[in-house]
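A.B. asks: Just to be clear, the model below is a prediction. Sequence and coordinates:
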Amino acid sequence: MKDKDKTSVDRRDFLRKVGIGTAGAGAALTTPLMTSAQADSESENEKRKARYRVTDDVKAFYRVNRYPK
């Protein structure tokens, strides 16, 4: 075993280097994606307006997914 050349990479060394590289790449990718929180831009009237609309699609959904009697 000791006669082996050190030019080859051991399995444990390989896994250690891959793990370190993956952690470094993950940290590099998440840094630009982090942004500060922004406040809501809606006014009080826009926050209170009705958003639910009964359309044909909504009616079809409830008709198709109705429980059997």
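C.D. replies: Sure, I can see it.

A.B. asks: Output the lowest mean pLDDT helix or strand found in the chain.
C.D. replies: In the chain, the helix or strand scored least confidently by mean pLDDT, DSSP states H and E is helix 11-33, which has a mean of 70.

A.B. asks: any idea which helix or strand comes after that one?
C.D. replies: helix 44-48 (DSSP states H and E).

A.B. asks: Give me the contacts around the helix or strand following that following helix.
C.D. replies: Later in the chain than helix 44-48, the nearest helix or strand by DSSP H and E is helix 56-64. For helix 56-64, there are no external contacting residues (CB atoms under 8 Å, 6 or more residues apart in numbering). C-beta coordinates here come from the backbone N, C-alpha and C atoms, glycine included.

A.B. asks: Recalculate using a threshold of 10 Å.
C.D. replies: With contacts defined as CB atoms under 10 Å, 6 or more residues apart in numbering, helix 56-64 is touched by Tyr52, Val54, Thr55.

A.B. asks: CA atoms only for that helix, dumped as PDB, please.
C.D. replies: Provided in PDB are the C-alpha atoms of helix 56-64 (Å, rounded to 0.1, in the frame of the first residue of the first chain):
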ATOM      1  CA  ASP A  56     -66.300  30.800 -15.700                       C
ATOM      2  CA  ASP A  57     -63.000  29.100 -14.800                       C
ATOM      3  CA  VAL A  58     -63.700  29.300 -11.100                       C
ATOM      4  CA  LYS A  59     -67.300  28.000 -11.600                       C
ATOM      5  CA  ALA A  60     -65.900  25.100 -13.700                       C
ATOM      6  CA  PHE A  61     -63.300  24.300 -11.000                       C
ATOM      7  CA  TYR A  62     -65.900  24.100  -8.200                       C
ATOM      8  CA  ARG A  63     -68.300  22.100 -10.500                       C
ATOM      9  CA  VAL A  64     -65.700  19.500 -11.400                       C
END
